[in-house]
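K.L.:
my questions are about this predicted structure, shown below with the sequence.
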Amino acid sequence: SWTILQLVEALGFCLENTDPRTRGRGIQLLSQVLLECHSLLQEKEVLHLVLFYENRLQDHHLVIPSVLQGLRALSLCEVLAPGLAVSVLKAIFQEVHVQSLLQQDRYTVYSIITNFMATREEELKGLGADFTFGFIQVMDGEKDPRNLMVAFQIVRDLIVKNYALGPFVEELFEVTSCYFPIDFTPPPNDPHGIQREDLILSLRAVLASTPQFAEFLLPLLIEKMDSDLQSAKLDSLQTLTACCAIYGQKELQEFLPSLWSSLRREVFQTASEKVEAECLSALHALSACLSRSVLSSDAEDRLDSFLSSILQDCRHHLCEPDMKLVWPSAKLLQAAASASLRSYHRLTHSILPLLLEQYNKHSQSSQRRTILEMLLGFLELQQKWGHVEEDESALLSLQETVCSVVFSALTDPSVQLQLVGIRALTVLGSLQGFLSPSDLELVVDHLVRLALHEEDSQSSEAAMEAAGSLAPVYPKVFSGRMVPRLGEELQSGRTDSLAKGLISGIGVKQRDCHMCCVACTVSGDHKQPAQQGLPLRCWSKAGNAQELVSVCQSLHRVALQCQQDAEGCWYYHQTVVPCLLAMAVQASSHPLVSKALLEEEVLTAMVPVISAATTHLSPELAAQSVSHVVPLFLDGEVSFLPQNSFPCAFQPFEDGECLEPQRRLVALLMAFVCSLPHNVVIPQQERLLRELLALSCSCSCPFTATTASKCFAGLVNKHPAGQQLDEILQLAVNRMEPGLTEGPHRTQALILLLWVTKALVLRYHPLSSHLTDKLLGLLSDVELGPTAADGFSLLMAESPDVLHKGCHADVRIMFRQRFFTDNVPKLVQGFHGADVKANYLKSLSHVLNHLPKPVLVTELPTLLSLLLEALSCSDRVVQLSTLSCLQPLLLEAPQIMSLHIDTLVTKFLSLTSSPAMAVRIAALRCAHALTSLPTIVLLPYKARVIRALAKPLDDKKRLVRKEAVAARGEWFLVGSPGR
């Protein structure tokens with residue numbers, strides 16, 4: 001091995017050669033060696049090398065790049081002697097004209113400075129303002145984005161780490177602000193990945209890093225706010241907002257009138273929502289900045305004078321009859337008021353009385369709604385600040401008038417005014433101590449009236465939601481006043497007489513159910529409504545399947561609320577679950593009389609109720625409950641059920657056509673046993689599994705067979721590994737394989753195969769690969785192929801009722817990635833060898849559609865051709881799944897997708913005429929997403945796409961027209977300045 005000294009001696013001929021190119025090559029070799037072994041150098045070696053390289057900075061310009069590389073290596077040395085960092089930088093500042101170098105060599109200089117600032121901060125600060133001046137000379141005139149990213153960071157470090165700026169504050173500002181606003185478009189296929197946004201944020205971090213820049217920066221921002229370029233306006237406003245975080249009253253006071261004038265003009269005149277939003281954010285930041293300032297006894301309160309200007313310019317617009325500038329003025333006032341409690345009090349003392357006066361002055365509902373919406377904005381700000389002292393709050397002094405206005409809105413015939421009134425009522429209710437006891441009683445009465453008797457569904461739903469929000473806040477009022485009212489509604493004949501039809505899509509009975517749910521969500525009082533039997537009384541009143549489903553939805557909400565409390569959860573479980581089971585068993589004994597309860601949609605709606613009531617039980621209580629439920633289904637043990645005198649025995653697993661209604665109740669068994677925690681022992685589990693297996697393979701009812709398969713799969717997923725599990729799985733395979741080959745129950749065997757495969761895939765069971773291979777083999781089957789292909793969606797998707805983490809299923813992390821790795825190559829191979837390729841494309845599309853997008857992006861180059869071919873498949877499911885898969889990829893992998901732009905444009909435009917609405921919408925969303933590709937790729941297709949997207953503008957479906965407008969508008973902007 002050589003020492004560095006031996007290397008220098010060996011290179012002596014090159015280093016002392018008269019030819020600058022030869023000297024340059026010698027120094028280049030030495031520098032490359034130093035970059036590799038700088039950590040091994042001794043302090044004396046570093047000293048001599050630094051002196052050598054400093055001397056060579058005076059050499060020929062061809063040698064300088066290699067010298068700089070060597071100095072970069074030496075700047076990384078930990079054994080650099082004190083004073084050498086300062087010496088190196090002084091030499092660079094004096095001897096090197098940095099901006100005449102190539103980009104890479106300039107980057108090397110920035111790297112040397114960065115390295116020294118990271119390790120030799122105190123030494124560099126010893127240079128004082130000379131270091132700042134030297135860096136200004138280095139950076140002045142820089143144009144390359146790669147170098148600017150580093151240079152901006154150096155400037156920010158100079159400021160944040162308190163380097164001496166001396167008399168060079170303005171020069172440092174000028175050398176950076178000359179790039180504002182950033183106007184940069186990255187070239188196509190840029191390997192460096194620097195985006196315009198990166199430069200904007202880096203420069204903003206510099207400009208907003210010190211109040212010392214304020215006197216230079218604020219005039220620049222005001223000038224750019226008046227620019228015609230929207231991007232310049234946005235950048236200026238965002239920079240102003242960032243600056244307000246560190247500025248004080250002193251820095252802002254001179255420029256406040258001009259800033260307010262620009263902000264007001266933009267909000268009053270702009271057509272851009274983005275610009276308006278940034279103006280409001282900037283005004284909020286300005287008010288917050290002034291609010292933070294500590295006032296001396298003789299100082300002027302700049303916040304007060306600033307808010308006075310805002311009031312002077314906006315207040316009179318709130319009183320104009322035509323109300324043209326009402327909303328812009330209100331937004332400005334609310335933005336300023338939201339900045340601090342002080343600004344809120346200052347503005348609301350003037351504005352709230354005015355708004356209340358204007359509300360009573362106008363008689364038209366539309367004008368009243370506008371005024372109440374503005375009032376609501378200020379009420380929500382009061383909600384933000386929370387409880388305040390009575391002598392400070394304008395709102396508390398106007399309590400009676402505010403309540404009167406809101407209550408009048410609730411009784412107005414206008415639905416839109418009612419909706420705003422309900423929102424205002426919710427906010428008032430959240431303000432601690434604002435509503436008096438008599439007001440609260442009125443609130444409950446209004447909400448019950450609107451929820452149960454208002455003909456418009458929007459108002460009734462909003463009232464239900466408001467009651468749900470306020471009930472936990474005022475449990476005594478709601479439980480004492482609402483619950484009796486609901487009981488009266490359910491007992492009276494009025495509900496039955498009004499429920500002859502559905503009113504605007506919501507039946508009166510459904511409303512009663514939802515309101516019962518609200519009653520049951522009263523904080524800390526889950527038992528009382530259940531004791532009064534409100535939700536279950538709804539069940540007895542329900543007549544058709546839709547009403548029963550509504551009851552189940554309400555019961556489900558109550559169950560979710562009860563999960564927060566262990567005692568409430570158990571109480572709910574032992575009250576509701578046996579009652580539901582009893583009614584279901586009763587209905588199965590009289591299927592003609594209680595036909596609605598046995599319908600698939602009703603049983604499906606009961607599943608989440610029982611599941612939610614079971615998942616949060618403690619193991620002890622769950623074991624107590626399972627000891628009753630499993631014997632009910634296996635042995636017909638009904639003694640634990642209320643009203644347990646049934647006309648015939650309950651034997652769902654016995655043979656006989658007359659028992660088919662009882663078999664349908666296996667769905668409820670599935671909801672219970674598949675939601676139990678892992679450590680709960682299920683009695684007679686092996687027998688139960690065998691009965692479920694037999695039922696799933698032999699039952700002619702698709703619903704029953706499917707629920708039996710799901711129940712079997714849910715139990716297998718949680719079953720402890722061992723001989724018993726192996727035997728059960730072998731038995732299942734022995735039942736499935738003959739059933740898949742021939743016979744009348746092939747579809748049932750396939751459904752069982754899918755669910756068992758999913759159960760095993762989730763827990764990484766070794767048998768899962770064998771079962772997946774069977775599924776792959778069925779893709780070529782004429783009869784079962786399409787169903788098997790759709791089954792791949794089932795394998796990858798989240799199941800709503802079983803086999804998910806919420807019901808304690810054994811779900812391993814990254815099972816989708818593992819399934820993808822193991823099976824997609826087999827799918828691709830099968831696709832290439834198959835005569836009928838549609839099923840393979842469908843399977844592949846389902847797998848890719850559920851795969852995490854970062855994983856899919858890495859595999860995209862090899863699979864994209866198959867995805868594009870899938871778009872040509874006539875199967876609408878394949879088309880929709882593939883489009884859903886491609887849309888995010890257009891945003892996340894634009895460079896790869898750009899290579900196939902011609903095919904993508906053709907396929908997407910073709911599918912915008914699909915007979916299926918969902919496919920048309922997905923195709924238009926993909927056409928919209930195409931605009932994220934590089935502009936240079938899109939321009940040749942712009943005119944063609946705009947012409948083609950004119951047709952969907954006349955589509956008969958509103959949702960299609962909406963997507964077409966958005967996509968076509970974005971294509972019109974392709975290639976426009978500032979995009």
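P.N.:
Good, I have the coordinates.

K.L.:
state the number of residues packed around Gln99.
P.N.:
By the criterion of other Cβ atoms under 10 Å, Gln99 has 15 neighbours. The way it works is simple: take the backbone N, C-alpha and C, and place the C-beta from them, glycine included.

K.L.:
list the helices and strands whatever helix or strand Thr575 lives in packs on?
P.N.:
For Thr575, the host element (DSSP states H and E) is helix 566-589. Packing partners of helix 566-589 (3 or more Cβ pairs under 8 Å, 6 or more residues apart in numbering; DSSP states H and E): helix 527-532, helix 534-541, helix 545-562, helix 600-614, helix 619-635, helix 660-663, helix 666-673.

K.L.:
what mean pLDDT does the longest one get?
P.N.:
Mean pLDDT, helix 545-562: 82.

K.L.:
now swap in the last one and tell me
P.N.:
On average, the pLDDT along helix 666-673 is 94.

K.L.:
not counting its own residues, what contacts that helix?
P.N.:
With Cβ atoms under 8 Å, 6 or more residues apart in numbering as the test, helix 666-673 has contacts from 577, 580-581, 584, 603-604, 606-611, 614, 625-626, 629-630, 633, 652, 682, 688, 692, 695, 703-704, 707-708, 710-711, 714-715, 801-802.

K.L.:
ok, then the element right after it?
P.N.:
Following helix 666-673 in sequence order, the next helix or strand is helix 685-698 (DSSP H and E).

K.L.:
tell me the buried residues in that following helix?
P.N.:
By neighbour count, with 16 or more other Cβ atoms under 10 Å as the criterion, the buried positions of helix 685-698 are Gln685, Leu688, Leu689, Arg690, Glu691, Leu692, Leu693, Ala694, Leu695, Ser696, Cys697, Ser698.

K.L.:
do the same with stretch 650-661
P.N.:
In stretch 650-661, counting by 16+ other Cβ under 10 Å, buried: Phe650, Pro652, Phe653, Leu659, Glu660, Pro661.

K.L.:
which other residues reach it?
P.N.:
585, 587-589, 591, 598, 632-634, 636, 638, 662-663, 665-666, 669, 691, 694-695, 701, 704.

K.L.:
do stretch 816-826 as well
P.N.:
Here stretch 816-826 makes contact (Cβ under 8 Å, 6+ apart) with 761, 764, 769, 772-773, 776, 795-796, 844, 847-848, 850-852, 855, 859, 863.

K.L.:
would you write a ChimeraX line that selects the buried entries of these?
P.N.:
The following ChimeraX line selects those of these that are buried, judged by 16+ other Cβ under 10 Å:
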select :761,772,776,795,796,844,847,848,850,851,863
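
K.L.:
only alpha carbons, please: show stretch 138-150 as CSV.
P.N.:
Extracted in CSV, the C-alpha atoms of stretch 138-150 (Å, rounded to 0.1, in the frame of the first residue of the first chain):
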residue,chain,number,x,y,z
VAL,A,138,-19.6,33.3,-5.4
MET,A,139,-23.4,33.1,-5.9
ASP,A,140,-23.9,36.3,-7.9
GLY,A,141,-25.2,35.3,-11.3
GLU,A,142,-26.0,31.6,-10.6
LYS,A,143,-28.6,30.1,-13.0
ASP,A,144,-28.5,26.4,-12.7
PRO,A,145,-31.4,25.0,-10.5
ARG,A,146,-29.2,22.2,-9.0
ASN,A,147,-26.7,24.8,-7.8
LEU,A,148,-29.4,27.2,-6.7
MET,A,149,-31.0,24.6,-4.4
VAL,A,150,-27.6,24.4,-2.5
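
K.L.:
so what touches that stretch?
P.N.:
Under the criterion Cβ under 8 Å, 6+ apart, residues 92-93, 98-99, 103, 106-107, 109-111, 113-114, 151, 154-155, 175-176, 179, 184, 186, 192, 194, 198-199, 202-203 lie in contact with stretch 138-150.

K.L.:
starting at the chain centroid, how far to that stretch?
P.N.:
36 Å (Cα atoms, centre = their mean, to the nearest Å).

K.L.:
thanks a lot, catch you later.
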